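>>> Sequence first, then the predicted structure:
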Amino acid sequence: MLGFASCKKEATPINNTANASASTITQTSQEPVCEPIRIEFGLPIDSYRVDTFTVQNGETLGKMLSNLGATKKQINSINLLSTEDFDVRTIRAGKTYYALYQKDTAGVENLEYYIYQASIQESVVLHLRDSVHVERQVKEITHHNRSAQATIESSLWNAMADNNLPVELALELSEIYAWTIDFFGLQKGDSIRVYYDEQYVDTTRIGIGRIYAAHFYHAKKWQEAYWYEYDNTHNYFDEEGNSLRKAFLKAPLNYKRISSGFTYARKHPIYKTVRPHTGVDYAAPTGTPVVTIGDGVVTMKEYKGGGGNTVKIKHNSTYTTGYLHLSKYAKDLKVGQHVKQGEVIGYVGSTGASTGPHLDFRVWKNGTPIDPLKMDSPPAEPIPAAQKDSFNTIVADYKSKLKF
């Protein structure tokens, strides 16, 4: 950061045009040359000698200050600071801190500031000159809009990394398209175009902000997503204004593979008899979080014979879902409890009649088992008619940002 200018007069060479053989004459320019002052932590940093250190394991603030040359009076004054001023318990090993020294009139260097770098954005400035007090410096986050594209060779995550794009985009995109794309079924050659916001502190990128628009090519068609806000409502919509948010998620967990599908004629791996399997088995490591695919009320939480630890959730008058063979339930989960879409209700296990860790996921429609992979999921509310013109204008702008 640059501050006020420090100016000086500079000698400027002037050619003697009256005599071509004469030497260049140096005269003093009347215009001052201004050198900017560098401001860091709210201080003219170049006015100090700055030493940089790293907090060591077990190192206390008092020990650091003592090693830096702080006086006993200064250290005692720091002990009187409240935790609101500076909670020293938040100091962590591995963090950076700075000591700023300045010479007095006798030429002796004195410690005037101790600065703890709490994060790339926030620093705690301990003033040791005159009265001891604390000042927090929080750097501004700047935003830069960016358009990018990537072709998928193996996974969305790798596509981001291979194209030098923030891997956080993969997480955000999987949330946006959670109701419309099975991210475990992506194919080589699928592609993504995205218009989004990157966040910076100074010149360092600290993350991504909003994804404003995305075009995802999957299953031989483009699926579009546009962020739109109106009347205290915000969501992602397709080009026609239909919400991308469905009533249910595509899957209740991150899984490795589907180990068994919906069928009325499966030979049970333990009982060795042919019997219906009215669910889908998702193979996943023990302890993998299992979430409810939609809002609803917990109607069952118990050990259910061959199904082991089981949770059932009633979503509405039509749909109920079941989650079987759990290793354990989510903390404080109770029958009668209202749960929100995406909320963890348990963890993958192998309880009951099971040959290995997996989730047996089931769906009932009007009391009849249906194949979860073929379930129709009604969309959330579309863009109101009164908002369509405004929405179409924004979509047109976003599309222009996604042209490559």
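Here it is on my side, so go on. It should be emphasised that the depicted structure is a prediction, and the values quoted were computed from it without experimental measurement.

>>> Just the C-alphas of the helix or strand that contains V50, formatted as CSV.
Assigned by DSSP states H and E, V50 belongs to strand 49-54. The C-alpha trace of strand 49-54 is given here as CSV (Å, rounded to 0.1, in the frame of the first residue of the first chain):
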residue,chain,number,x,y,z
ARG,A,49,13.9,-1.8,11.0
VAL,A,50,11.6,-4.8,10.5
ASP,A,51,12.5,-8.3,11.8
THR,A,52,10.4,-11.3,10.8
PHE,A,53,9.8,-14.4,13.0
THR,A,54,7.6,-17.5,13.2
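
>>> That one packs against which elements?
strand 96-103 (3 or more C-beta pairs under 8 Å, 6 or more residues apart in numbering; DSSP states H and E). Placement of C-beta: from N, CA and C, glycine included.

>>> Between strand 49-54 and the strand it packs on, find me the angle.
When axes from the mean of the first three to the mean of the last three C-alpha atoms, to 10 degrees is applied, the directions of strand 96-103 and strand 49-54 differ by 160 degrees.

>>> Touching strand 96-103 from outside, list them.
41, 43, 45, 47-55, 64, 68, 109-117 (C-beta atoms under 8 Å, 6 or more residues apart in numbering).

>>> In PyMOL, how would I select the buried members of these?
Filtering the contacts of strand 96-103 down to the buried ones (16 or more other C-beta atoms under 10 Å) takes a single PyMOL command:
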select buried, resi 41+43+45+48+50+55+64+68+110+111+112+113+114+115+116+117
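
>>> Adjacent strands (with direction) for the strand holding V50?
strand 96-103 (antiparallel) (DSSP bridges).

>>> what residues are up against the residue nearest the centre of the chain?
Nearest to the geometric centre of the chain sits E168, at 6.1 Å (C-alpha atoms, centre = their mean). Residues near E168 by C-beta under 8 Å, 6+ apart: 207-208.

>>> give me that answer again for 10 Å
Contact analysis of E168 by C-beta atoms under 10 Å, 6 or more residues apart in numbering lists 160, 196, 198, 207-208, 211.

>>> quick one, phi/psi of the closest residue in space to I313 that isn't next to it in sequence?
Ranked by C-beta to C-beta, 6 or more residues apart in numbering and with sequence neighbours excluded, the top spatial neighbour of I313 is G296, at 4.2 Å. The phi and psi values for G296, taken as degrees, to the nearest 10, are phi 180, psi -170.

>>> Could you report the pLDDT at G296?
pLDDT recorded at G296 is 90.

>>> Could you give the number of residues near it?
Around G296 there are 23 other residues, counting by other C-beta atoms under 10 Å.

>>> my guess is L253 meets D360, correct?
No: assessed by C-beta atoms under 10 Å, L253 is found out of contact with D360, at 11.6 Å.

>>> if I look at the two, which residues touch both of them?
282, 323.

>>> More neighbours: which of these two?
Taking other C-beta under 10 Å, L253 and D360 do not tie; D360 has more neighbours (24 against 20).

>>> residue contacts, the more buried one?
With C-beta under 10 Å, 6+ apart, D360 has these contacts: 259-260, 277-282, 306-308, 310, 322-326, 352-354.

>>> Just the buried ones among the residues you listed, please.
Applying 16+ other C-beta under 10 Å to the contacts of D360, the neighbour count classes 259, 277-282, 307-308, 310, 322-326, 352-354 as buried.

>>> Of those, which belong to strands?
Of the positions in these, 259, 277, 280-282, 310, 322-326 sit in strands, assigned by DSSP state E.

>>> Let's have those residues in JSON lines, adding pLDDT and distance to P378.
Putting these into JSON lines (pLDDT from 0 to 100; distance: C-beta to C-beta, whole Å) gives the following:
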{"residue": "S259", "pLDDT": "73", "distance to P378": "29"}
{"residue": "H277", "pLDDT": "81", "distance to P378": "26"}
{"residue": "V280", "pLDDT": "89", "distance to P378": "20"}
{"residue": "D281", "pLDDT": "91", "distance to P378": "26"}
{"residue": "Y282", "pLDDT": "91", "distance to P378": "23"}
{"residue": "T310", "pLDDT": "96", "distance to P378": "26"}
{"residue": "G322", "pLDDT": "96", "distance to P378": "20"}
{"residue": "Y323", "pLDDT": "97", "distance to P378": "21"}
{"residue": "L324", "pLDDT": "94", "distance to P378": "25"}
{"residue": "H325", "pLDDT": "95", "distance to P378": "29"}
{"residue": "L326", "pLDDT": "97", "distance to P378": "27"}
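
>>> between these, which is nearest T233?
Y323 (30.3 Å; C-beta to C-beta).

>>> Quick check: the closest one vs I293, distance?
Applying C-beta to C-beta, to the nearest Å, the value for Y323 to I293 is 9 Å.

>>> anything in contact with each of those two?
Common neighbours of Y323 and I293 (C-beta under 10 Å, 6+ apart) are 252-253, 313, 361.

>>> In strands only, show me those.
Using DSSP E, the members of those that fall within strands are 313, 361.

>>> got a list of what E198 touches?
142-146, 148, 165-166, 168-169, 205-209.

>>> Of the residues you listed - the most surrounded one?
L169 (23 neighbours).

>>> Excluding chain neighbours, what is closest to P166?
I208 (5.2 Å).

>>> Okay then, goodbye and thanks.
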